[in-house]
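Take this sequence and fold it.
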Amino acid sequence: MEINKDEAIRCLSIAKNHFGNGNFAAALRLTKKSINLYPTDQAKAFLEKAERAAVEQPNGEPASSTPRPNTNGPAQSSPSSSEKKYTQEQVAAVKTILACGTDYYKVLSLEKKCTDVQIKKSYRKLALQFHPDKNNAPGADEAFKLISKAFTVLSDPQKRAIHDAGGGDPEQRGSGGVPPGFRGGFRQANGFAGDEISPEDLFNMFFGGGNAFGPGFSSATFVGPGFAPHYYSSGAARRTQQQARAQRQNGTAGWTVLLQILPLLILFGYSILSGLFTDNTPAFSLRPTSVYSQVRMTHSHQVPYYVNPSAFRATEQSRHKLSRVEQQVEVDWVRGLQHACNNERRERANRMNAASGVFGIGRNEDAYQKALKMPMKSCEEIRRFGYSPDY
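This next block holds a predicted model:
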């Protein structure tokens, strides 16, 4: 789908980073994800390359990292492999995160009413703080994974609802402490259709695949044994990628809105054009006017009507059109007669009631008989059309 193209390109970029670090298994897995999201020729070509590399080195370790046997006696610690330094504040912060367990709101220092923007902001801050490249305290690896897990759950509306309803990990209900799912990766709902994704991949994707720690800083991957450093582009390049992606998304959204309102625009245009090219001028009038000056009679009941001599010439030449016009003339004529007949009936009833007096007192017999014999011209005329009005 076109909507997944950006995620597919980003996933392929992460796969190439893993390939450059010799982690061929992760590169192969992410390349397949990229093809599933949006197949491209570049991804298919890279998939063949990753498959060959994975077959040649199934353990996914770069050849240069294979340790050489030491034939000179016991192994000596390298002078360059100095012990990683950390502060007591970092140790305390790691313990605080791990103590939260599966209370993911507490992990991200958020309340249940937090918004998506607040969730992303908190993840960004904590991910940079507890990333193993920035925090070498014991347990920083697990703390970083827990932060990533909290973000994947709370950023997914369905998983968040399950977490709010019962607490804990929606995928590992009933488990306590650090969920076992950390060791097998996470499931990303946005863009990966439920495929598993590691905390480091989530970190790279969230920060656009760029260098989150500034120029010249290397990051580490959690996939495969040990930590393999790899380098990202500068912050300026990441911002350029984000701006280009935002422009593509805005363009896609504009076309989507246009397609949604296109039927309404077509209907509106058709209505306007129909009004411009349709002649709504009546073909006749039941009363003479300056325009409708020529009198005619219907063929069936000899009903008089008036037409515009110049405009009616085309209708007169067509027997079908003339028949339809005369039918409409007689329908309108009958409607007028029915209305007039009803008025005559009401007028006669009023005269008869007035002549009857009140309970027979003050009855005027002459006026009553005159009202009873009142002429009903419209009611009589309507009988010619087959109607029998009750009067």
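
got a list of contacts for the helix or strand residue 305 falls within?
Residue 305 belongs to strand 304-307 when elements are defined using DSSP states H and E. Residues outside strand 304-307 that contact it (CB atoms under 8 Å, 6 or more residues apart in numbering): 283-289, 292-298, 315, 326, 329, 333. C-beta: built from backbone N, CA, C; applies to glycine.

Any chance of a PyMOL selection covering the buried ones in those residues?
In PyMOL, a selection of the buried entries from the contacts of strand 304-307 looks like this (16 or more other CB atoms under 10 Å):
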select buried, resi 283+284+285+292+296+298+315+326+329+333
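
So which of the contacts of strand 304-307 are in helices?
Residues of these located in helices (DSSP state H): 315, 326, 329, 333.

Could you export those as CSV, including distance to residue 88 and pLDDT?
Shown next, in CSV, are those (distance: CB to CB, whole Å; pLDDT from 0 to 100):
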residue, distance to residue 88, pLDDT
315, 101, 88
326, 105, 91
329, 103, 92
333, 104, 89
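
Give me the buried positions along the strand holding residue 305.
Judged by neighbour count (16+ other CB under 10 Å), strand 304-307 contains these buried residues: 305-307.

quick one: secondary structure of the nearest residue to residue 11 once chain neighbours are set aside?
Distances taken as CB to CB, 6 or more residues apart in numbering put residue 34 closest to residue 11, at 4.2 Å, once the chain neighbours are dropped. Secondary structure state of residue 34, per DSSP: H, G, I helix; E, B strand; the rest coil, is helix.

burial count for residue 34?
If you count neighbours by other CB atoms under 10 Å, residue 34 ends up with 26.

Residue 169 too?
Using other CB under 10 Å as the criterion, residue 169 is surrounded by 24 other residues.

Which helix runs longest in this protein?
Looking across the chain with DSSP H, the single longest helix is helix 235-277.

which helices and strands does that one pack with?
With contacts defined as 3 or more CB pairs under 8 Å, 6 or more residues apart in numbering; DSSP states H and E, helix 235-277 has these neighbours: helix 5-20.

ok, now how distant is residue 154 from residue 124?
13 Å (CB to CB, to the nearest Å).

follow-up on the earlier one: report the mean confidence score over the strand holding residue 305.
Mean pLDDT, computed over strand 304-307, is 93.

For residue 354, give me its contacts.
Per CB under 8 Å, 6+ apart, neighbours of residue 354: 367, 371.

Tell me which helix or strand it sits in.
Here residue 354 sits within helix 319-356, counting by DSSP H and E.

for that helix, which positions count as buried?
For helix 319-356, burial by neighbour count (16+ other CB under 10 Å) applies to 322, 325-326, 329-330, 333-334, 337-338, 340-341, 344-345, 348, 351-352, 355-356.

one step back: neighbour-wise, which of residue 154 and residue 124 wins?
residue 154 (25 against 15).

Return the residues in contact with the more buried one.
Listed by CB under 8 Å, 6+ apart, the contact partners of residue 154 are 104-105, 108, 110, 114, 119, 160, 163.

With secondary structure as extra columns, can I get those residues in CSV?
Output for the contacts of residue 154, formatted as CSV (three-state DSSP):
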residue, secondary structure
104, helix
105, helix
108, coil
110, coil
114, coil
119, helix
160, helix
163, helix
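
Separate out the buried members of these.
Using 16+ other CB under 10 Å, the buried ones in the contacts of residue 154 are 104-105, 108, 110, 119, 160, 163.

re the thing from before, distance to residue 147 added to the buried residues of strand 304-307, as JSON lines?
Listed next are these as JSON lines, based on distance: CB to CB, whole Å:
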{"residue": "305", "distance to residue 147": "87"}
{"residue": "306", "distance to residue 147": "88"}
{"residue": "307", "distance to residue 147": "86"}
